[in-house]
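Visitor: Provided below are the primary sequence and the corresponding predicted coordinates.
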Amino acid sequence: MHLRDVGEFGLIARLRALTHREDARVLVGIGDDAAVVAGANTLVMTTDALVEGVHFRRDWSQMEGIGYRALAASLSDLAAMGASPAYVMVTLMVPHSETVEGLEELYRGMMQLADLFAVRVVGGDVVATSGPLTISIAATGELLGMRPLLRSGVRPGDWIFVTGDLGGSGAFVHYLASGKACVLTPEDALTLRLRHERPQPQVRAARVLATLTDDARRGTGCTGLNDISDGLASELHELAQASDVRLLIHAERVPTAPAVRHYARAAGVDPLDFALYGGEDFQLVGAVDPAQAGRLLAQMEGAGVRVTIIGEAEEGDVGVDMRKGRQRVALHKGGYDHFGQAPTDHGRTGGNGI
């Protein structure tokens, strides 16, 4: 079905039906000039835009996966601030060639993730464009602790940690960009596809980190936090810059999934490259006071979140080093930069960044 067959308001009605969820706090939802939500908590807000051909490709992902991943980028930003996601507004810039069914698939993918965290889609906009398809998401969350978890605050002596495993999304993009030149087992192919199309924003981890930081004495607990959207190396540099410290990362401690290692071996690539520069893992990287590290690991395990200590912060010039075997070398930032020397493959979203 073409968009001209239903018109703007017919499309909005269809998308409204897909996103409707009962929520007493939503006083005004889709259908008016603006949404109205009741609440008294501290709000955290973020926005992300995804452009076809830059952040996603139709020949690489189905529309449901694109919608899921689009929302994951915004929810991950909220988690990195120590916030629980609550409400979302979606703006679509739609080419005339787009189909109604395609946009409904996109929204179904978003709602698969939204329903996992009881997130409500409360509004947005739909406009026509000559192309390409563009998705813009504005997400609002509620602060979980007494204060936001910022990139700044890391101190010399703090330990650096990451959640989950890294490199799966980057490995899958590499696999697709190569024309699937390497043969993957069905299990590995599914693992990498899910890492790319169905990333899990670390909201549970954010809750643990916020609680740990509130319970610890002032200035301890989680001292800095960032989400891994542009690659671990890039996010580490952002932490170091914001906190005016130098970070030392131990290469052998950076966690990668077996599927990433299997693919890297078949493709003749260092799996660490996918973790450092692949991007879109939507895990968290942060720093913790060593005195609180034991509590962090225990509480994360209780929440079902994997955490790995991968390095430490030091005094010295701002930057990031990596120790690999006996060698210690400066780690270049790399990652995705919309206005710099960006990689040529598609599928990166980037963070809020403002």
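Guide: Arrived safely.
Visitor: can you tell me the helix or strand for the nearest residue to Asp270 once chain neighbours are set aside?
Guide: Take Asp270 and drop its neighbours on the chain: the residue closest to it by CB to CB, 6 or more residues apart in numbering is Ala264, 6.5 Å away. Backbone N, C-alpha and C define where each C-beta goes, glycine included. Ala264 is part of helix 258-267 when elements are defined by DSSP states H and E.
Visitor: Check which helices and strands that helix sits against.
Guide: helix 168-177, helix 186-197, helix 271-277 (3 or more CB pairs under 8 Å, 6 or more residues apart in numbering; DSSP states H and E).
Visitor: got the angle for the first one vs helix 186-197?
Guide: Angle of helix 168-177 versus helix 186-197, following axes from the mean of the first three to the mean of the last three CA atoms, to 10 degrees, is 110 degrees.
Visitor: Need the residue closest to the centroid of this protein.
Guide: Geometric centre of the chain, nearest residue: Phe282, 3.1 Å, by CA atoms, centre = their mean.
Visitor: In contact with that one, which residues are there?
Guide: Contacts of Phe282 were listed using CB atoms under 8 Å, 6 or more residues apart in numbering, and they are 72-73, 76, 199-202, 227-229.
Visitor: so of those, which ones are in helices?
Guide: Secondary structure from DSSP state H places 72-73, 76 of the contacts of Phe282 in helices.
Visitor: Now pLDDT and distance to Glu101 too, for those residues, in JSON lines please.
Guide: Below are the ones in helices among the contacts of Phe282 laid out as JSON lines (pLDDT from 0 to 100; distance: CB to CB, whole Å):
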{"residue": "Ala72", "pLDDT": "96", "distance to Glu101": "22"}
{"residue": "Ala73", "pLDDT": "95", "distance to Glu101": "24"}
{"residue": "Ser76", "pLDDT": "96", "distance to Glu101": "28"}
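Visitor: Can you check these and name whichever has the most neighbours?
Guide: The most crowded member of those, judged by other CB atoms under 10 Å, is Ser76 (30 neighbours).
Visitor: thinking that residue is in contact with Gln202, fair?
Guide: Yes: between Ser76 and Gln202 there is a contact under CB atoms under 8 Å: 7.0 Å.
Visitor: Please enumerate the shared neighbours of the two.
Guide: Listed as contacting both Ser76 and Gln202 by CB under 8 Å, 6+ apart are 227, 282.
Visitor: Distance from the helix or strand containing Ile135 to the middle of the chain?
Guide: Ile135 belongs to strand 134-143 when assigned by DSSP H and E. Strand 134-143 sits 12 Å away from the centroid of its parent chain (CA atoms, centre = their mean, to the nearest Å).
Visitor: What distance do you get for the nearest residue to Gly67 once chain neighbours are set aside to Gln62?
Guide: Once flanking residues are discounted, Gly67 sits nearest to Gly109: 3.0 Å by CB to CB, 6+ apart. Going from Gly109 to Gln62 by CB to CB, to the nearest Å gives 8 Å.
Visitor: And for Gly231?
Guide: For Gly231, the distance to Gln62 - CB to CB - is 25 Å.
Visitor: Now do the strands in this protein.
Guide: For the chain, the strands defined by DSSP state E occupy 26-28, 36-37, 43-51, 83-95, 120-129, 134-143, 159-163, 222-227, 246-250, 284-288, 307-314, 319-324, 327-330.
Visitor: Can you add distance to Leu276 and give the ones you listed back as a markdown table?
Guide: Output for the strands of the chain, formatted as a markdown table (distance: least, CB to CB, whole Å):
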| stretch | distance to Leu276 |
| --- | --- |
| strand 26-28 | 41 |
| strand 36-37 | 39 |
| strand 43-51 | 22 |
| strand 83-95 | 27 |
| strand 120-129 | 34 |
| strand 134-143 | 27 |
| strand 159-163 | 11 |
| strand 222-227 | 14 |
| strand 246-250 | 9 |
| strand 284-288 | 11 |
| strand 307-314 | 11 |
| strand 319-324 | 8 |
| strand 327-330 | 12 |
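Visitor: Let me have these in TSV, extended by distance to Gly102 and mean pLDDT.
Guide: Below are those laid out as TSV (distance: least, CB to CB, whole Å; pLDDT from 0 to 100):
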stretch	distance to Gly102	mean pLDDT
strand 26-28	27	75
strand 36-37	29	68
strand 43-51	15	90
strand 83-95	9	95
strand 120-129	13	92
strand 134-143	12	94
strand 159-163	33	98
strand 222-227	28	95
strand 246-250	41	98
strand 284-288	32	97
strand 307-314	38	98
strand 319-324	41	97
strand 327-330	45	96
